[in-house]
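Asker: Kindly return the folded structure for what I paste below:
(chains A and B)
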Amino acid sequence: AQSVAQPEDQVNVAEGNPLTVKCTYSVSGNPYLFWYVQYPNRGLQFLLKYITGDNLVKGSYGFEAEFNKSQTSFHLKKPSALVSDSALYFCAVRAGMDSNYQLIWGAGTKLIIKP
Amino acid sequence: DGGITQSPKYLFRKEGQNVTLSCEQNLNHDAMYWYRQDPGQGLRLIYYSQIVNDFQKGDIAEGYSVSREKKESFPLTVTSAQKNPTAFYLCASSYRVGDNQPQHFGDGTRLSIL
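Answerer: Residues are numbered from 1 along each chain as shown, chains lettered A, B, ... in the order given. Model (predicted):
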């Protein structure tokens, strides 16, 4: 079955420290992977994507993500966290043809950055 | 500025009532989507449309209906058959279904039962 897992419901990080939000996936074929951020009572904002090429992808607001094919992971990272990074983060993967190429979404990880 | 506009921001439904959520985009995208968001469950696809006058059921279409008469508009009706409609509803669009471009989202409509 095709799926996305975000194993942590919540991640707590002190301001200035590096942060990692984890995502693993299971999908047929080559994956298209996405990270989005959601602030309270707002829609999702696109952060970055991996389609092909370099395994390290850089995105908006200083975020980056590393694609690891052998571990089927696409963890979101940032070298130095800001309080304003506190939000809900979603990982998504494009499903294969048998699911009409729809996005499969993780359940989300709440990131809390403490001053 | 190009984007997606959802209205209203908050909506209340009485028992037995149908309500319609509006979604308009000016991004010239062919594909549009409706998602339902419940706490701790991520996004679940209700309906999607690849082109005008065409739409497909998603994973949780029961109790919902849509139309796509114009490229810019994709309204969602929550019918009285949807017994648990309280949720945050998100509309999104993209150039095409399944391509490598990200989906763009509106700011959602929060639906509650009176």
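
Asker: Setting aside sequence neighbours, what's the nearest residue to the residue of chain B found nearest chain A?
Answerer: Per C-beta to the nearest C-beta, B:Gly98 is where chain B lies closest to chain A, at 2.7 Å. Every residue, glycine included, has its C-beta placed from N, CA and C. Leaving out its chain neighbours, the residue that sits closest to B:Gly98 by C-beta to C-beta, 6 or more residues apart in numbering or on different chains is A:Tyr101, at 2.7 Å.

Asker: Tell me how many other residues surround A:Trp35.
Answerer: When neighbours are defined as other C-beta atoms under 10 Å in any protein chain shown, A:Trp35 has 28 of them.

Asker: Quick check: B:Gln50 vs B:Gly16, distance?
Answerer: Using C-beta to C-beta, to the nearest Å, one gets 33 Å for the distance from B:Gln50 to B:Gly16.

Asker: Those two: which is more packed in?
Answerer: Neighbour count, other C-beta under 10 Å: between B:Gln50 and B:Gly16, B:Gln50 has more, with 15 against 7.

Asker: For the more buried one, give me phi and psi.
Answerer: B:Gln50 adopts backbone torsions of phi -90, psi -20, taken as degrees, to the nearest 10.

Asker: Please apply the same query to A:Ser99.
Answerer: phi -110, psi 20.

Asker: gap between it and chain B?
Answerer: Noted for A:Ser99: a distance of 9 Å to chain B, by C-beta to the nearest C-beta, to the nearest Å.

Asker: burial measure for that residue, as a count.
Answerer: A:Ser99: 17 surrounding residues under other C-beta under 10 Å.

Asker: For it, which non-adjacent residue is closest in space?
Answerer: A:Gln2 (6.2 Å).

Asker: correct me, but the one you found touches A:Gly29?
Answerer: No - applying C-beta atoms under 8 Å, one finds A:Gln2 not in contact with A:Gly29, separated by 9.7 Å.

Asker: Can you pull the residues that touch both of the two?
Answerer: Common neighbours of A:Gln2 and A:Gly29 (criterion: C-beta atoms under 8 Å, 6 or more residues apart in numbering or on different chains): A:Gly96.

Asker: Pick out whichever of these two has more residues nearby.
Answerer: Between A:Gln2 and A:Gly29, counted using other C-beta under 10 Å, A:Gln2 has the larger neighbour count: 17 against 12.

Asker: What residues does that one make contact with?
Answerer: By C-beta under 8 Å, 6+ apart, the contact list for A:Gln2 reads A:Ser26, A:Val27, A:Ser28, A:Val93, A:Ala95, A:Gly96, A:Ser99, A:Ile104.
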